[in-house]
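Asks: Quick check, what structure comes out for this input:
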Amino acid sequence: MARNTLFSVATCPYPLGVRGRETLLLSPQELRVLAGLGDDSPIFEHGWRWALGLKRPPVPDEQAYRDQKYEVLRPWMIFAAAMGCISGVGFWAWDWTIDPVGAANTVGLRLVMGLLALPILGYYVAGAHRGGAAWVGILSVAGLDVCFSLILERLDGGFPVGVGGYLYFFIMGPLTGIGYGIIQLSIVAVVMAVTPVVVHLIGLAPNLPLGIYTATIVPAAGIMISIAVVFDNLARRAYCYRLAIEALATRDPLTGVSNRRHFLQEGRRHLALSRRHGHPLSVVMIDVDRLKFVNDHYGHNAGDAVLIHTVKAVRGVLRHTDEFARIGGDEFAVLAPMTTADQAANLAERIRETLALDPVDLPDPVRAVDNVFVSVSMGVAENSMVPEDGDFGDLLKWADKGAYVAKRKGRNRVATGEVTELPQVFGPGSG
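Replies: Numbering: from 1, shown residues only. All right, here's what the predicted structure looks like:
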């Protein structure tokens, strides 16, 4: 059977988040849905299940979303917690307005309220993990509720006037814990609602009017939980939008690998690191052979299939530390940290051999063409070729020069660039 050296249509995923060393992937279709580019986008879905929070917008990584939400909102939570410390003490003026005489007995409790708000403020400022901060916040809220109940008990007519003061907890609670998850905020709401009742039942606040309190606070707790659900849904949609926008800004839309802009940014960063630590850094330039011929004779769908097939094959060879990008129509590049030119040439040769063994599954109507293989011409360059005042663009030029020489020598081979002479060529027939 004839073997055509040209060039499986595979869905190449977009990496949308990294957790440890595990890259979380979404296909282009899933990315399109997350980006809201179609009518079937879950971001735009609505209905009573969404309104009640029974169905939440999906995120590719729940843990990463929660961590991101906490970190983004932590400055606001610090501000809200600081306001809680100040108001816990400053509302003594409210005590004095209700009962000037009894207010003298609440000064100590007001100071305790200010102190109880300090641990959660300290957790936020220190950047402590959101799980620990949530439980510290729950305990702080319980302590604040106890103090406020004791304050109302010591004021003459405190409970009839002050029951509405419990509502401040249901305002400050969501603000202080706005970065928590729905479960944590729901626990906070329940603790705030139940604690005064427990204080009443054990006899520390016998004058608490349970009927009025229940009628006032239970709806407030429900409203707080509803607000938490709605805000979390909005935060999830914003998170999905951000991921989609980042992917669209840094990824090639056809193949899913990095685009030229992102590759150059990473290249400059890695070149600076390699110079600082004295480590080798190599670039492999990959030029797909005869892609124009495929586009002209089989159509651009076939050409796209060739590019996607090439990306799939190259990804199977690369390490997780390597950066892979499409930097032009038929040009790709690999950034290989901690890799010499010889090691990069071996990597390139493995890429060439992998492509030589795996035929392309061309789309209709050219699917009948059998045994279509991709060949590539590759150039390799190492950071030692670049002078100290040179930049990553110079390194890329040397790799591009190697690819040019490999193509001029007959294609389907690897060439390493040298500063003072033509690159050395490896490939079929090179010995």
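Asks: just how off-centre is the helix or strand harbouring A244 within its chain?
Replies: A244 belongs to helix 210-250 when assigned by DSSP states H and E. Relative to the centre of its chain, helix 210-250 is centred 19 Å away, using Cα atoms, centre = their mean, to the nearest Å.
Asks: average pLDDT for it?
Replies: For helix 210-250, mean pLDDT rounds to 85.
Asks: is it true that R56 lies in a helix?
Replies: No - counting by DSSP: H, G, I helix; E, B strand; the rest coil, R56 is located in no helix; its state is coil.
Asks: and it, how many residues sit next to it?
Replies: Neighbourhood size, R56 [other Cβ atoms under 10 Å]: 16. In short, each C-beta sits where N, CA and C put it, glycine included.
Asks: what's the distance between it and A228?
Replies: 12 Å (Cβ to Cβ, to the nearest Å).
Asks: ditto for R110
Replies: 28 Å.
Asks: just V405 next, same as before
Replies: 62 Å.
Asks: Of these two, give the one with the bigger neighbour count.
Replies: Set V405 next to A228 and count neighbours by other Cβ under 10 Å: A228 wins out with 24 against 19.
Asks: who's in contact with that one?
Replies: P174, Y180, I182, L185, S186, A189 (Cβ atoms under 8 Å, 6 or more residues apart in numbering).
Asks: again, 7 Å this time
Replies: Applying Cβ atoms under 7 Å, 6 or more residues apart in numbering, we find A228 in contact with P174, I182, L185, S186.
Asks: Show only the entries of these found in strands.
Replies: Among the contacts of A228, DSSP state E puts none in strands.
Asks: Neighbour-wise, which one of these leads?
Replies: L185 (25 neighbours).
Asks: In which helix or strand does the residue nearest to T250 when sequence neighbours are not counted reside?
Replies: The shortest distance from T250 to any non-neighbouring residue, by Cβ to Cβ, 6 or more residues apart in numbering, is to H262 (4.0 Å). Assigned by DSSP H and E, H262 belongs to helix 260-277.
Asks: And the next helix or strand past that helix?
Replies: Counting by DSSP H and E, what follows helix 260-277 is strand 281-288.
Asks: That next one versus helix 260-277: what angle between them?
Replies: 150 degrees (axes from the mean of the first three to the mean of the last three Cα atoms, to 10 degrees).
Asks: ok, and what's touching strand 281-288?
Replies: Under Cβ under 7 Å, 6+ apart, the answer for strand 281-288 is 7, 270-271, 274, 306-307, 310, 314, 330-337, 339-341, 344, 347-348, 374, 376-383, 395-396, 399-400, 402-403, 407.
Asks: Let's see which of the residues you listed end up in helices.
Replies: Applying DSSP state H to the contacts of strand 281-288, the entries found in helices are 270-271, 274, 306-307, 310, 314, 341, 344, 347-348, 395-396, 399-400, 402-403, 407.
Asks: Give the residue spans of the protein that score low on pLDDT.
Replies: The chain contains residues with pLDDT under 70 at 1-55, 364-371, 417-431.
Asks: would you list every one of the strands in the stretch 301-431 of the chain?
Replies: 323-326, 331-337, 372-374, 376-382, 414-416, 424-426 (DSSP state E, counting those that start in this stretch).
Asks: Let's have those in CSV, adding mean neighbour count and distance to G88.
Replies: Output for the strands of the stretch 301-431 of the chain, formatted as CSV (neighbours: other Cβ atoms under 10 Å; distance: least, Cβ to Cβ, whole Å):
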stretch, mean neighbour count, distance to G88
strand 323-326, 22, 51
strand 331-337, 24, 52
strand 372-374, 22, 68
strand 376-382, 29, 62
strand 414-416, 28, 69
strand 424-426, 19, 73
